[in-house]
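how does the following fold in three dimensions:
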Amino acid sequence: RLPRHAGAIGQAEKEAEWLPRLAPHLPLAVPSPVGVGEPDFGYPWPWAVSRWLDGDVATVEALGDSSEAAVQLAGFLTALQRFARPDTPADAARHDLTVGPLADRDRATRAAIAGTDGIFDTAAMTELWNEALDAPGWHHSPVWFHGDLHTGNLLTTGGRLSAVIDFGGLGIGDPACDLTIAFSLMSAGSRTAFRAALGVDEATWTRGRGWALATGLNAYTSYADVSPRIAAQTTRQINAALIG
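Purely as a prediction, here's the structure:
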């Protein structure tokens, strides 16, 4: 694992600290860190090596309609959320395990909505974004979340989910960000099975749709012009989030 930008500094150490503790409690394989390397030879940040995980990257074509995979993924997130939190006072919460609220993305998301006028339904995106920002926040105890749950971070073997990778965004708080996978991978039917298995309330689901919209727009405006694959993936994600 070689961070490519300053925002990823610290991810190697975070995975090395937490993945060995999480792994025995999770129903899917996760990376097993071997060690963290020091900056040297002109490379400026800590880096890491993990044991190889066999598998193919999950695709919509392979798993999008699979309610079995959706329920399996819900079981993974349920197990992750139930893992014990660090015994740390609330006022000393670790910065590397926190993520900003949706409101932090407001300016960039509204700019992306305006910038994709004529490509997506601007009015529908604005309505969803306002609903997501206005939805009640997470009022339960903070729980663990993956933080970057998309198809590229899921592996399959034999047509079934086998592993979840890239825990650089691992954190504790509102798990709504992990609902993005429901809109990037799943069809309407499997999405319904996923939501039921995970037991997601309406407010959290609405915030999850907001996360899917914001992250989808960010990726679309950044990469659609240079990557037809990302353009197609994020178009699907954005439109699915609008449908709900």
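
extract the C-alpha set from stretch 227-244 and format it as CSV.
Taking C-alpha atoms only, stretch 227-244 is exported to CSV below (Å, rounded to 0.1, in the frame of the first residue of the first chain):
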residue,chain,number,x,y,z
SER,A,227,-12.5,7.3,-18.1
PRO,A,228,-15.6,6.0,-19.8
ARG,A,229,-15.7,3.2,-17.2
ILE,A,230,-15.9,5.7,-14.3
ALA,A,231,-18.4,7.8,-16.2
ALA,A,232,-20.7,4.8,-16.6
GLN,A,233,-20.3,3.6,-13.0
THR,A,234,-20.9,7.1,-11.5
THR,A,235,-23.9,7.8,-13.8
ARG,A,236,-25.5,4.6,-12.6
GLN,A,237,-24.7,5.5,-8.9
ILE,A,238,-26.2,9.0,-9.2
ASN,A,239,-29.3,7.9,-11.0
ALA,A,240,-29.9,5.1,-8.5
ALA,A,241,-29.5,7.5,-5.6
LEU,A,242,-32.2,9.7,-7.2
ILE,A,243,-34.5,6.8,-7.4
GLY,A,244,-33.9,5.7,-3.8
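
contact partners of that stretch?
60, 120-121, 124-125, 128, 151, 180, 182-184, 186, 188, 191, 205, 209-210, 212-213, 215-217, 219-220, 223-225 (C-beta atoms under 8 Å, 6 or more residues apart in numbering). To be clear about C-beta, it is placed using only N, CA and C from the backbone, and glycine gets the same treatment.

same check on stretch 132-146?
Residues contacting stretch 132-146 (C-beta under 8 Å, 6+ apart): 22, 77, 80-83, 85, 99, 101-103, 106, 153, 164, 167, 169-178, 203-204, 206-207, 209-211, 213.

tell me which of the contacts of stretch 227-244 fall in helices.
60, 124-125, 128, 180, 182-184, 188, 191, 205, 209-210, 212-213, 215-217, 219-220, 223 (DSSP state H).

narrow these to those that are buried.
60, 124-125, 128, 180, 182-184, 191, 205, 209-210, 212-213, 215-217, 219-220 (16 or more other C-beta atoms under 10 Å).

what residues are up against Gly42?
Counting by C-beta under 8 Å, 6+ apart, Gly42 makes contact with nothing.

relative to Ala48, how far out is it?
Per C-beta to C-beta, to the nearest Å, Gly42 is found 18 Å from Ala48.

ok, now Ala58?
Distance, Ala58 to Ala48, by C-beta to C-beta: 23 Å.

those two - which one has more neighbours?
Counted by other C-beta atoms under 10 Å, Ala58 and Ala48 do not tie: Ala58 has more neighbours, with 27 against 19.

all set now, cheers.
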